[in-house]
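K.L.:
Here is a sequence together with a model predicted from it:
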Amino acid sequence: MKGRCELLVEEAIPTVVARARAGDEEAYRRIFERYYGPLCGFAFGMIGNRAEAEELVQETFVRACRKLDSMRDDRHLAAWLFGIARNVVREAIRRKAGRREALSLEEVQPADRRDPGEGPDGPVMTGELRREIGGALASLPEEMREVFVLKVMSGMGYRDISRVTGSSVGKLKTDLHRARLHLRRRLLRYMGADFRGTGGES
């Protein structure tokens, strides 16, 4: 089973990309609609501000439109887009650091990531727990936060994450393991001793 980021049928990706390169607005719209949500999820997980995440994804698609001819392998459209988003997000983080602005934890709302199918009786996160989760994510080193967001929150496989980040699969697995340990320590009093994080090892 493919990760949640494989939103276009693999065989159709080169065709859609070719149409977009030729100026087909419908093809570009299809790419935008398919990948806007996953890219927003990634940017939000890294930045912690929903409005800013949406702006960064808009910038990602602007750059993607300009660079579409430079994509080497049309089959890896998702990884290519996430790679651009990663650069855009990193630039935003650097700007924040340059201005010495703290990541706004009040605006981090991981509860929004619950399965849409959960009913009203599903688990409800308190404001305090949302802040703790946001703070725990923000406290991760950037590379660990990237692999955690891409693997656990975006459902991307290790090979695609490797294409996005340039890191080996072995390093990604190590970083994810360390990220989970860090989050477990930070959230233990909320999640209980059996907290293991989510996401498979595929």
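P.N.:
Received it, and whenever you're ready, just let me know what you need.
K.L.:
What is the subsequent helix or strand relative to the helix or strand bottoming out on mean pLDDT in the chain?
P.N.:
The least trusted helix or strand in the chain, going by mean pLDDT, DSSP states H and E, turns out to be helix 127-139, with a mean of 79. On the C-terminal side of helix 127-139, the closest following helix or strand by DSSP states H and E is helix 142-148.
K.L.:
which is the next helix or strand following that next one?
P.N.:
Remark: after helix 142-148, the chain's next helix or strand is helix 158-165, criterion DSSP H and E.
K.L.:
hang on, Pro14 packs against Met71?
P.N.:
No - at 10.1 Å, Pro14 does not count as touching Met71 under the criterion of C-beta atoms under 8 Å. Backbone N, C-alpha and C define where each C-beta goes, glycine included.
K.L.:
more neighbours, those two?
P.N.:
Met71 (18 against 14; other C-beta atoms under 10 Å).
K.L.:
check contacts around that one.
P.N.:
Under the criterion of C-beta atoms under 8 Å, 6 or more residues apart in numbering, the contact partners of Met71 comprise Val17, Leu77, Trp80.
K.L.:
Helix, strand, or coil at Leu181?
P.N.:
State at Leu181, reduced to three classes by DSSP: H, G, I helix; E, B strand; the rest coil: helix.
K.L.:
ok, it - how many residues close by?
P.N.:
12.
K.L.:
and Asn49, what are its phi and psi?
P.N.:
phi -130, psi 120 (degrees, to the nearest 10).
K.L.:
How many residues are close by it?
P.N.:
With neighbours defined by other C-beta under 10 Å, the count for Asn49 comes to 21.
K.L.:
Helices of the chain, residue ranges please.
P.N.:
Counting by DSSP state H, the chain has these helices, from start to end: 13-21, 25-47, 50-67, 77-98, 127-139, 142-148, 158-165, 169-191.
K.L.:
worst average pLDDT in those helices?
P.N.:
Set side by side, the helices of the chain show their lowest mean pLDDT on helix 127-139, which sits at a mean of 79.
K.L.:
what's the spacing between it and its chain's center?
P.N.:
Here helix 127-139 shows a centroid-to-chain-centroid distance of 17 Å under the convention C-alpha atoms, centre = their mean, to the nearest Å.
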